[in-house]
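1. Below are the sequence and a predicted model for it; my questions follow.
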Amino acid sequence: AIAYFPSSNPLSSQEGDFLAIAGITNSLKAQQFFNSLEGEETVTLTQRQYEGVTIIEMETQDGDRASGARVEGYILFAEAGKMIEKAIDTVRGEASFASQTEVQTMLSQGLTLDNPVIQVYSTDSGKLLQENLPQEIPPGVNFTQSFVTGVALEAEGIYVQSIALIPEEEEAMTLPPNDSKLLAEFPEDTIAVINGHGLSEIWSDIVRQSQDNPFLRVGVEGMRQAARSLDLDLDEEVFAWLDGEYAIGLFPTRQSSLSDLPIAGGILIESSRREVGEKTLSKLGAIGQSNPFLTQETELLGRTEVTTWLDPSQRTMLTYGWLEEERLMMTVATPFRTFAQKQGKNSLKDSSHFSAIAQRLPASNFGYVYFDMNRALSTLETLPQQPLATMPPEVKATLDSIQQIGVTVSQPDSSFSQLDAFIALESTSQP
């Protein structure tokens with residue numbers, strides 16, 4: 001185990017300290033290791049007693065220092081002898097890391113990983129950030145204080161899970177889980193997709209938190225100012241109508257408007273406030289019409305009125321139209337009908353490769369972030385520039401070993417937020 005202790009004085013330039021603890025499986029070899037240090041001419045050793053334990057303090061000719069000790073079947077190492085003393089005090093009955101309320105709460109919740117190869121616990125991530133950020137954190141800015149993260153190596157790939165404790169003074173989000181039904185409208189060969197719901201509620205929660213967080217408040221006001229430059233009210237005309245599910249994805253297509261890059265974007269948005277969405281799109285349309293390099297066209301496809309933005313070469317830049325009363329569809333760099341024709345056939349949600357990832361992640365979640373590395377690399381290989389040919393072999397081998405990546409965020413209860421990520425590797429990838 002390795003523990004990091006931030007400096008107790010946040011105003012001091014002194015760095016924190018590390019404590020390493022290793023179990024002894026062979027006492028004879030452990031003693032031989034300590035004895036070998038005495039023969040090093042470049043190292044000065046000093047021994048002293050503390051609570052019946054021998055602490056060995058070492059200093060090199062360059063001034064580097066370290067301390068070590070053997071305590072009840074373990075070897076302790078730290079830069080400062082004081083850290084060894086604290087560890088000995090803990091063994092003798094002083095309060096331990098595991099005795100802290102936050103740690104006990106996280107241990108009771110527990111990671112659901114099978115045989116994790118590494119687990120990281122933190123009860124003061126704010127102090128750790130303060131010590132490593134180039135500038136001081138403004139007063140009133142609170143970061144997640146307590147979390148546990150684990151990594152497990154499984155037959156199908158790598159599983160990463162992180163659980164963060166929501167401070168009692170913070171109000172937990174009440175966003176319900178997402179059923180991710182819009183993923184059934186994306187084609188099986190989708191390269192990447194981000195899916196979620198309730199952006200209006202998330203934005204309201206961010207605004208609420210910004211009242212007590214000056215750092216966050218600056219960001220909120222900056223976004224509002226950017227929206228006002230487009231004659232838009234960020235709260236009432238941008239986020240207010242984004243109250244349903246949304247999905248944003250990239251998929252391969254030969255009908256792409258991007259030079260030598262056969263991909264395009266598709267966006268689906270569900271909203272119970274269509275009239276607000278239409279007003280926002282009309283404002284954006286007016287901005288587009290004022291641009292001499294953009295042309296707008298409107299046509300009727302079936303019962304859907306589709307607006308298309310074209311560049312000077314008459315290539316499609318953006319399209320949008322309401323498929324249903326509460327569902328807006330948009331495309332980027334491809335005609336509206338290209339995405340529409342891909343829907344309802346061999347969907348991403350029902351595909352074997354996405355299902356293999358989704359089955360590894362919590363079913364009750366706020367949405368998915370999904371990336372198909374295998375399809376992305378296959379698409380890049382079709383480019384005449386051959387970008388993969390100049391990639392270092394070790395990087396190319398690493399990317400080739402990754403098949404798909406899936407990430408979800410969930411909230412098991414009002415006390416925790418949870419992030420899960422699964423990286424499917426080549427050996428057991430789904431076709």
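-> That came through fine. Numbering: from 1, shown residues only.
2. Only C-alpha atoms from now on, for both contacts and neighbour counts.
-> OK.
3. Phi, psi for K396 please.
-> Main-chain torsions, K396, degrees, to the nearest 10: phi -60, psi -40.
4. Low-confidence regions, the protein specifically.
-> Residue ranges of the chain with pLDDT under 70: 7-15, 39, 124-145, 169-173, 427-431.
5. Let's see that with 80 instead.
-> Low-confidence regions of the chain, defined by pLDDT under 80, span residues 5-16, 33-42, 101-103, 105-110, 124-145, 166-174, 344-345, 427-431.
6. Okay, helices next: where are they in it?
-> Applying DSSP state H to the chain gives helices spanning 27-38, 81-91, 101-109, 125-132, 199-210, 214-228, 274-289, 336-342, 352-358, 373-381, 393-401.
7. Go through the longest one and flag the buried ones.
-> Read that as helix 274-289. Of all the residues in helix 274-289, those buried under the rule 16 or more other CA atoms under 10 Å are 274, 276-278, 280-281, 283, 288.
8. Check the first one too.
-> Within helix 27-38, the residues that qualify as buried by neighbour count (16+ other CA under 10 Å) are A30.
9. about what we covered before: nearest to E156, out of the helices of the chain?
-> With CA to CA as the measure, helix 352-358 is the member of the helices of the chain nearest E156 (9.3 Å).
10. Restrict stretch 405-425 to CA atoms and write it as CSV.
-> Output of stretch 405-425 as CSV, limited to C-alpha atoms (Å, rounded to 0.1, in the frame of the first residue of the first chain):
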residue,chain,number,x,y,z
ILE,A,405,-14.9,1.8,-24.6
GLY,A,406,-18.0,2.4,-22.5
VAL,A,407,-18.6,4.9,-19.7
THR,A,408,-21.6,5.5,-17.5
VAL,A,409,-22.4,7.7,-14.5
SER,A,410,-25.0,6.7,-11.9
GLN,A,411,-26.2,7.5,-8.4
PRO,A,412,-26.8,4.4,-6.3
ASP,A,413,-28.3,6.5,-3.6
SER,A,414,-28.4,10.1,-2.4
SER,A,415,-25.0,9.7,-0.7
PHE,A,416,-22.9,8.5,-3.6
SER,A,417,-22.2,9.2,-7.3
GLN,A,418,-20.6,6.5,-9.3
LEU,A,419,-18.6,6.3,-12.5
ASP,A,420,-18.0,3.0,-14.4
ALA,A,421,-15.8,2.5,-17.4
PHE,A,422,-15.1,-0.7,-19.3
ILE,A,423,-12.4,-1.1,-22.0
ALA,A,424,-13.0,-4.1,-24.2
LEU,A,425,-9.8,-5.6,-25.4
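11. Check what contacts that stretch and list those residues.
-> Residues outside stretch 405-425 that contact it (CA atoms under 8 Å, 6 or more residues apart in numbering): 156-168, 172-173, 177, 357-358, 360-362, 364-373, 401-404.
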